[in-house]
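In: One predicted model, sequence on top.
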Amino acid sequence: MKDLQLITLTVNGTEHELVVESRRTLADVLRHDLGYTGTHLGCEHGICGACTVLIDGSPARACLTFGVQADGCSISTVEGLASDGELSDLQRAFSERHALQCGFCTPGFLMLAEAYLAEYPNPSTEEVREVVAANLCRCTGYQGIVEAISDVARSRRESR
């Protein structure tokens, strides 16, 4: 017999009420139940970071979080970064700095960077390197990713 629970999630500003199995991960709920397929599953052990989303503004591995644990929370996924069909400044910087290749890890890096810059708007290059070390990319190396995040930090500071 399945253990089902009614949960409410606000994903990218839209409230969703759904019944989920208690054992299902937030990644599966987002991808399969709600259609937010930008949350990628790589290792499913919390190591690679491809599934990183923001839960109430803090980065979390959606593969290690049960959907029921996020009941009542606000979730941000990569789909929520763009606005009115326009890429966010971070997404544009990743493109401009060639900070992606196959793109599989990119949503996790974007969400991690978004949370980091919200909390630390003036990071050094070394601090950015330390943060992005939490996620894995097997295609590009990290230089373009570090440059993109640093560019956005600088741009956001200058626009205040």
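Out: Structure received. Numbers count the residues shown, from 1 in each chain.
In: residue contacts, the closest residue to residue 74 other than its chain neighbours?
Out: Distances taken as CB to CB, 6 or more residues apart in numbering put residue 10 closest to residue 74, at 4.6 Å, once the chain neighbours are dropped. C-beta here means a position set from N, CA and C on the backbone, and glycine is covered the same way. Residue 10 makes contacts with 16, 73, 74, 75, as judged by CB atoms under 8 Å, 6 or more residues apart in numbering.
In: Retrieve the pLDDT associated with residue 10.
Out: pLDDT recorded at residue 10 is 98.
In: try the one 5 residues further on
Out: Confidence per residue is given as pLDDT, and for residue 15 that number is 98.
In: any idea whether it is helix, strand or coil?
Out: strand (DSSP: H, G, I helix; E, B strand; the rest coil).
In: With the flanking residues excluded, which residue is spatially nearest to the spatially most central residue of the chain?
Out: Per CA atoms, centre = their mean, the C-alpha nearest to the average position across the chain is that of residue 111, at 3.0 Å. The shortest distance from residue 111 to any non-neighbouring residue, by CB to CB, 6+ apart, is to residue 52 (4.6 Å).
In: Now do the contacts for residue 119.
Out: Residue 119 touches nothing, counting by CB under 8 Å, 6+ apart.
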